[in-house]
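Trainee: requesting a structural model of the entry that follows:
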Amino acid sequence: MSKISQIETFTDEFVCFTKITAQDGAIGWGQTSTYNADITAQILHRQVAPWALGAMIETQADILPLIQRIEEREHKFPGSYRCRANAGLDTALWDMLGRRAGKPVVELLGGKPRKLRAYASSMKRDITPEDEAARFVKLRDTRGFDAFKWRVGAECGRNIDEWPGRTEAVIPTVSRALGDGIAKLVDGNSGFSPTRAIEVGKLLEANGISHFEEPTPYWDLDQTREVTESLTIDVTGGEQDWDLSTWARMIDMRAVDIVQPDVMYMGGLSRTLLVAEMAAAVGLPCTPHSANLSLVTICTMHLLGAIPNAGKYLEFSIEGPDYYPWQEGLFLGDPFAVTDGKLQIPEAPGWGVEVNPDWLSRASHAVSTLD
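Mentor: I've put the predicted structure just below:
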């Protein structure tokens, strides 16, 4: 094996793909977290690349120590952006090792490529209950989804609904339209106080919804636990969290019934595996957050195909170019094909996808090299 000799970024405002090259010519492709990706790319080159260039990565066991060493060297800059940048390095290294071994990442983790059940995940709140129900029913009937998630409240809404009465209307309207035999999930996006969240949770219970995500401000674990202890349905969360000490506290106090780390927010696959392991040790399932069709969903597919406490389904965004124009044309082919409500974990080496050269040709390019 040889040292990391070059780190490249290909960036627009929303997406930053990373390319790692080793001295022996081996390459790997990864991605930082989406949104303000152009800012994240600067952090990667300024504060991640200097510590990563020259590192020797011989096996997957070498990746986490490198990420941890970067965290130590940049200890005065903890937080989301450092993790978002580290994700670009980490995910590219996993891809490089998979390509070298001729195996998909899921096999490096001890799993096998297989089909995963997905839940159709709505990102919209500016949609009427009737229109949300109609598009869910269409997806149920045409693409075979048997699990759906929709939005209640308003994002960080302090108990103020997206518009008056929407929460009370959208819960029963969508639930009734989908009918029996369908898994039903909702997301509060930190919108409620504990009292209001419990009130909404009782309505969810009465309407057959089994999953209540991020009901209260995610940063207050005591509020989340109050809701969890008051309801019979699963209360879930963790998508925003990156700090491992926060994760340890969340899991130890049973603030949630299901953990939902985001591979890109966490700083890559290696740190996400630590969260999944902590949750598995106490019997909590892991259903990661993967809310757009960039590399985060691909990485999550490989993760779910290998961990022993994988949740029931993969989060799969149903939003197209009207909502996410920036996710169009990122990859060659269609790695997100849905058949009978399921997606196939890629079987080709590494992440098993190829970034679209046309997209790369339009992106801003930067490179850091080992001198």
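Trainee: select the longest helix from the protein.
Mentor: helix 80-101 (DSSP state H).
Trainee: gap between that helix and the chain center?
Mentor: Offset of helix 80-101 from its chain centre (Cα atoms, centre = their mean, to the nearest Å): 14 Å.
Trainee: following it, which helix or strand shows up next?
Mentor: helix 105-108 (DSSP states H and E).
Trainee: helices and strands around that next one, which ones?
Mentor: With contacts taken as 3 or more Cβ pairs under 8 Å, 6 or more residues apart in numbering; DSSP states H and E, helix 105-108 sits against helix 80-101, helix 295-304. Every residue, glycine included, has its C-beta placed from N, CA and C.
Trainee: so which elements touch the longest one?
Mentor: Based on contacts counted as 3+ Cβ pairs under 8 Å, 6+ apart, the elements that helix 80-101 packs against are strand 4-11, strand 16-22, strand 27-31, helix 37-43, helix 63-73, helix 105-108, helix 263-266, helix 269-281.
Trainee: and the nearest residue to Arg151 once chain neighbours are set aside, how far from Arg99?
Mentor: Excluding its sequence neighbours, the residue lying closest to Arg151 (Cβ to Cβ, 6 or more residues apart in numbering) is Arg125, at 4.8 Å. In this view, Arg125 and Arg99 are 40 Å apart by Cβ to Cβ, to the nearest Å.
Trainee: circling back: which pLDDT value does the model give the residue nearest to Arg151?
Mentor: On the pLDDT scale, Arg125 is placed at 97.
Trainee: tell me the secondary structure at it.
Mentor: Taking DSSP: H, G, I helix; E, B strand; the rest coil as the rule, one finds Arg125 in the coil state.
Trainee: residues contacting it?
Mentor: 151, 154-155, 162, 166 (Cβ atoms under 8 Å, 6 or more residues apart in numbering).
Trainee: count the residues that sit near Ala197.
Mentor: Residues within reach of Ala197, counting by other Cβ atoms under 10 Å, total 29.
Trainee: quick one: which of the contacts of Arg125 has the most company?
Mentor: When neighbours are counted by other Cβ under 10 Å, Arg151 leads the contacts of Arg125 with 24 neighbours.
Trainee: which residues are in contact with that residue?
Mentor: Per Cβ under 8 Å, 6+ apart, neighbours of Arg151: 122-125, 162, 170, 186-187, 189.
Trainee: name whatever forms a beta bridge with it.
Mentor: Per DSSP bridges, the residues bridged to Arg151 are Asp187.
Trainee: and it, what's its pLDDT?
Mentor: If you check Arg151, the pLDDT there is 98.
Trainee: contacts only, for the residue lying closest to Pro346 once chain neighbours are set aside.
Mentor: Nearest residue to Pro346 in three dimensions, chain neighbours excluded: Gly352, at 2.5 Å (Cβ to Cβ, 6+ apart). Going by Cβ under 8 Å, 6+ apart, Gly352 touches 104-105, 113, 298, 335, 345-346.
Trainee: quick one on the thing from earlier: restricted to strands, list the contacts of Arg125.
Mentor: Arg151 (DSSP state E).
Trainee: turn the contacts of Arg125 into CSV, columns for distance to Arg82.
Mentor: Listed next are those as CSV, based on distance: Cβ to Cβ, whole Å:
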residue, distance to Arg82
Arg151, 29
Ala154, 29
Glu155, 24
Glu162, 33
Arg166, 37
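Trainee: how many other residues sit next to Arg69?
Mentor: 13.
Trainee: now do stretch 13-27: distance from first to last residue.
Mentor: Stretch 13-27 has an end-to-end distance of 24 Å (Cα to Cα, to the nearest Å).
Trainee: confirm Glu205 sits in a strand?
Mentor: No. Assigned with three-state DSSP, Glu205 falls outside any strand and is helix.
Trainee: just the pLDDT for the closest residue to it other than its chain neighbours.
Mentor: Nearest non-adjacent residue to Glu205, counting by Cβ to Cβ, 6+ apart: Ile233, 5.6 Å away. If you check Ile233, the pLDDT there is 98.
Trainee: tell me the contacts of Ile233?
Mentor: 201, 204-205, 209-212.
Trainee: farthest pair in the contacts of Arg125?
Mentor: Spatially, the most separated pair among those is Glu155 and Arg166, at 12.8 Å (Cβ to Cβ).
Trainee: poorly predicted segments of the stretch 101-250 of the chain, please.
Mentor: Within the stretch 101-250 of the chain, no stretch has pLDDT under 70.
Trainee: which stretches of it form helices?
Mentor: 105-108, 129-143, 166-178, 194-206, 221-230, 244-252 (DSSP state H, counting those that start in this stretch).
Trainee: domain ranges for this protein?
Mentor: For the chain, automatic domain parsing gives the domain ranges 4-102+356-369, 107-344.
Trainee: neighbours of Pro321, how many?
Mentor: 10.
Trainee: and it, what element?
Mentor: Going by DSSP H and E, Pro321 is not part of any helix or strand.
Trainee: for it, what are its contacts?
Mentor: 327-328.
Trainee: where's it relative to Glu328, distance?
Mentor: For Pro321 relative to Glu328 (Cβ to Cβ), the value is 5 Å.
Trainee: what do you get for Asp222?
Mentor: 41 Å.
Trainee: what about Ala124, neighbour count?
Mentor: If you look again at residue 124, you'll see it is Lys, not Ala. The number of residues packed near Lys124 is 15, by other Cβ under 10 Å.
Trainee: for Ile7, see how far away it is.
Mentor: In terms of Cβ to Cβ, Lys124 sits 36 Å off from Ile7.
Trainee: now do Gly179
Mentor: Counting by Cβ to Cβ, the gap from Gly179 to Ile7 is 50 Å.
Trainee: higher neighbour count, these two?
Mentor: Ile7 (25 against 10).
Trainee: which residues touch the more buried one?
Mentor: Applying Cβ under 8 Å, 6+ apart, the residues near Ile7 are 18-21, 44-45, 48-49, 52-53, 89, 92, 367-369.
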